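J.: Let me see the structure of the following:
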Amino acid sequence: MKTAAELKAEILGLTREYSALTHGANRPGYGDGDGAQPEFVPGETTIPYAGRVFTEDEVEAAVSSTLDFWLTLGTEGEAFEEELKQFLGVKRSILVNSGSSANLLALSALTSHKLGERRIRAGDEVITCAAGFPTTVAPIIQNGAVPVFLDNDPLTLNARLDRLEEAFVSGKTKAVMMAHTLGNPFDLETITDFCRRHELWLIEDNCDALGATYTSAEANARPRFTGTFGDLSTQSFYPPHHLTLGEGGAINIVGRMYLRVLVESFRDWGRDCWCASGKANTCNKRFEWQLGELPFGYDHKYIYSHLGYNLKPLDIQAAIGRQQIKKLPAFGEARRANWEYLRQGLAGLEEFFDFHLPTHAKGWTPKGFEWQNENSPRCSPSWFGFMMLVKPTAPFTRTEFARHLEGHRIGNRMLFGGNLLRQPAFMQLRQENPGAIRVMGELSGADRIMNESIFVGVYPGLTRAMLDYIVETIRAFCQKA
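T.: Numbering: from 1, shown residues only. Predicted coordinates for the structure are as follows:
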C-alpha cells in the first residue's frame, strides 16, 4: 500500500503531465516557450490583450496546496509575502484578495484614529488624476474624503502636475493617491518632493507597473522599483497583470512599519489583535487587555479597534504566486521587448497615431528614447500594454480602428474608465453632492484619452508571430484608410 507521500508525488507527477497537455496556450511566448504553444493561425487564433502565463510549476503548486488543504492564508501566504517584500525591497508586503481591495485598505488604513492629526477624516482631500481605473479613486469617496482631480497628460497617461501646488491651497489636503498608468511611472521626483514638503501621505497604485523602475536625479541615485517611493503601495494579481494568483493583490509597507498593524486590522475584520491566522497570544497578554468599555481581560482576538473588512486571499493562491514571482524578471523583460518591437514595427504611422511615452521622455527614435535633459530622472516602464491615440485628423475613428482589430481577432482595450468624471457613477455623485469632488480646471487631456486611446497587448504570452501579425494588420488598415 502506498504512503500518503508516495500518493502525493504520483498525483503531482500526473498533474504536470496533464498541464503540459492542456495548457500549452498559456506558456510564455518568448525563448524556449515559443515552440511549446499551439500553432498560431493569423486571423483565426485570438490574440488577447493580456492573459495568464504559466507552466506546469504553477499548476503543481496549486494542486499540492489543495492536497494539504490549509485553505485560509497560511505558510504559503507568509512565504509569498516575504518573497514579494524581498523582490521590491520594502518593509512588508501584505496579501489581500484583489488590487481593488488593496487600494481600499491602503486608503482606509490612513483614516485610523491611531494616526492622530495625520489621519484622513471625512471632508479631507486626496489628490489624484481624472483618467484611469475607477478603484484608484473609489476608496477616497468610500471613506468620505474628497478626490481632487488633476488632468492627465495624454502621451504619458499620468497626471499633469502643472496645477499640483494649486490643488493644495484648500488646506484640507492629506494625501496623494494615483497610479503608474499602464506600467509607466508617474513623475515620482515631483510628487515625492511635494508630499515631503507638505507632510502628505503618498499611496502608489502600482497594480499596472510591478517591475518598473525609476531613478531620481540625485547624484549617484540608483534605479528603484515603483511601489517603493510612497508610504504605501498596492499590487494586483488579476490574470492580466504582471504576475497572477487568479485573484489577489497586496499592500506594500514602504517605510513606516506602524502602518502594517493598521492595514492588517482593516483587512482582518478591524480587529486589534495582530496574530497570524491559526495563531494565538502573539502579544503574550491575550487576556490582559482593557480597551473601550470592554471588561478587563476580554479576549484580545475579539477586540475591534476599526470598522474593517475580511479581504484575505487563500493559501492556494499564494502557492501559485510563489512560482509566478520566480518568472517575474523574465516577464518584465518580455513586456519591454514586446513593447519595443511594436513601436519599431509601427514607426512611420505618426500621421495616424500619437504613441505612448515614458514619463520623462521627449521623444522616441529607433535607438530608444530621448530624455528631457541629461539630469532628468530616468524611468524604465514595465509596460501593461501598447497604447496608441488615434489622432482627430486620422481618416478613421478610434471605434472604427477597434472594430477592425476585433474583426482580425486582435484583443484591444481603451484606457479603462477614460475620464472618470464622465462615468455615470461620478456624474450621479456630482449631481447629488457637488462638494464630493473637486476638479482642477479643464480636463482636456483626460478627455482626449477617453476619446482617442486604444491599446493592444505586450504580455509575455505573445509570440513573435503574433506581434508581426498585429503590426501587419495595423499597417494594412492605415494604408487602406
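
J.: And the strands in the stretch 1-150 of the chain, which stretches?
T.: For the stretch 1-150 of the chain, the strands defined by DSSP state E, counting those that start in this stretch occupy 92-96, 125-129, 146-150.

J.: Could you dump those into CSV and include mean neighbour count and mean pLDDT?
T.: (C-beta placed from N, C-alpha, C; glycine too.) As requested, the strands of the stretch 1-150 of the chain are exported to CSV (neighbours: other C-beta atoms under 10 Å; pLDDT from 0 to 100):
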stretch, mean neighbour count, mean pLDDT
strand 92-96, 25, 98
strand 125-129, 26, 98
strand 146-150, 24, 98
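
J.: Minimum distance to P48: which of these has it?
T.: With C-beta to C-beta as the measure, strand 92-96 is the member of those nearest P48 (25.4 Å).

J.: What strands flank that closest one, and is each parallel or antiparallel?
T.: strand 249-253 (antiparallel) (DSSP bridges).

J.: Give me the contact list for the partner strand.
T.: Under the criterion C-beta atoms under 8 Å, 6 or more residues apart in numbering, residues 81, 84-85, 88, 90-102, 105-106, 109, 206-207, 227-228, 232-238, 259-260, 263, 313 lie in contact with strand 249-253.

J.: Mind putting the strands of the stretch 1-150 of the chain into a markdown table with distance to K480?
T.: Output for the strands of the stretch 1-150 of the chain, formatted as a markdown table (distance: least, C-beta to C-beta, whole Å):
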| stretch | distance to K480 |
| --- | --- |
| strand 92-96 | 47 |
| strand 125-129 | 36 |
| strand 146-150 | 39 |
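
J.: Tell me which of the ones you listed lies nearest to E293.
T.: Judging those by C-beta to C-beta, what sits closest to E293 is strand 92-96, at 30.0 Å.

J.: And the residue nearest the centre of this protein?
T.: C207 (0.6 Å; C-alpha atoms, centre = their mean).

J.: number of nearby residues for the closest residue to that residue other than its chain neighbours?
T.: Among residues not flanking C207 along the chain, S236 sits closest, at 3.7 Å (C-beta to C-beta, 6 or more residues apart in numbering). Residues near S236, counting by other C-beta atoms under 10 Å, number 29.

J.: partner residues bridging S236?
T.: Beta-bridge partners of S236, as defined by DSSP bridges: G249.

J.: just to revisit the earlier point, the residue nearest to the centre of the chain contacts Q235, correct?
T.: Yes. Using C-beta atoms under 8 Å, C207 is in contact with Q235, at 5.9 Å.

J.: Show me what the helix or strand harbouring C195 packs onto, helices and strands only.
T.: Assessed by DSSP states H and E, C195 sits inside helix 188-198. Other helices and strands packing on helix 188-198, by 3 or more C-beta pairs under 8 Å, 6 or more residues apart in numbering; DSSP states H and E, are helix 164-167, strand 173-179, strand 201-205.

J.: hmm, who's touching that helix?
T.: In contact with helix 188-198 (C-beta under 8 Å, 6+ apart) are residues 161, 164-165, 168, 173, 176, 178, 200-202, 214, 216-217, 226, 229-230, 377.

J.: where does the stretch 251-400 of the chain dip in pLDDT?
T.: Of all residues in the stretch 251-400 of the chain, none has pLDDT under 70.

J.: residue boundaries of the helices in it?
T.: Assigned by DSSP state H, counting those that start in this stretch, the stretch 251-400 of the chain shows helices spanning 258-267, 315-345, 398-407.

J.: Need those helices in a markdown table (columns: mean neighbour count and distance to T156).
T.: Listed next are the helices of the stretch 251-400 of the chain as a markdown table, based on neighbours: other C-beta atoms under 10 Å; distance: least, C-beta to C-beta, whole Å:
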| stretch | mean neighbour count | distance to T156 |
| --- | --- | --- |
| helix 258-267 | 22 | 29 |
| helix 315-345 | 21 | 14 |
| helix 398-407 | 16 | 19 |
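
J.: hang on, the earlier thing: mind listing the shared neighbours of C207 and Q235?
T.: By C-beta under 8 Å, 6+ apart, C207 and Q235 have these common neighbours: 99, 102, 241, 249.

J.: Nearest to S277, out of those residues: which one, please.
T.: G249 (17.4 Å).

J.: packing partners for the host helix or strand of N451?
T.: Element membership for N451 (DSSP H and E) is helix 444-452. On a contact count with 3+ C-beta pairs under 8 Å, 6+ apart, helix 444-452 meets strand 386-390.

J.: The strand it packs on to helix 444-452, inter-axis angle?
T.: Here strand 386-390 runs at an angle of 90 degrees relative to helix 444-452 (axes from the mean of the first three to the mean of the last three C-alpha atoms, to 10 degrees).

J.: Summarise which helices and strands strand 386-390 is packed against.
T.: Using 3+ C-beta pairs under 8 Å, 6+ apart: strand 386-390 touches helix 315-345, strand 353-355, helix 444-452, strand 453-456.

J.: Identify the residues contacting the last one?
T.: Counting by C-beta under 8 Å, 6+ apart, strand 453-456 makes contact with 47, 49, 154, 157, 182, 342, 356, 385-390, 398, 401-402, 405, 410-415, 418, 470, all of which sit outside it.

J.: The stretch 351-481 of the chain: strands as residue ranges?
T.: For the stretch 351-481 of the chain, strands defined by DSSP E, counting those that start in this stretch occupy the ranges 353-355, 361-365, 368-371, 378-380, 386-390, 438-439, 453-456.
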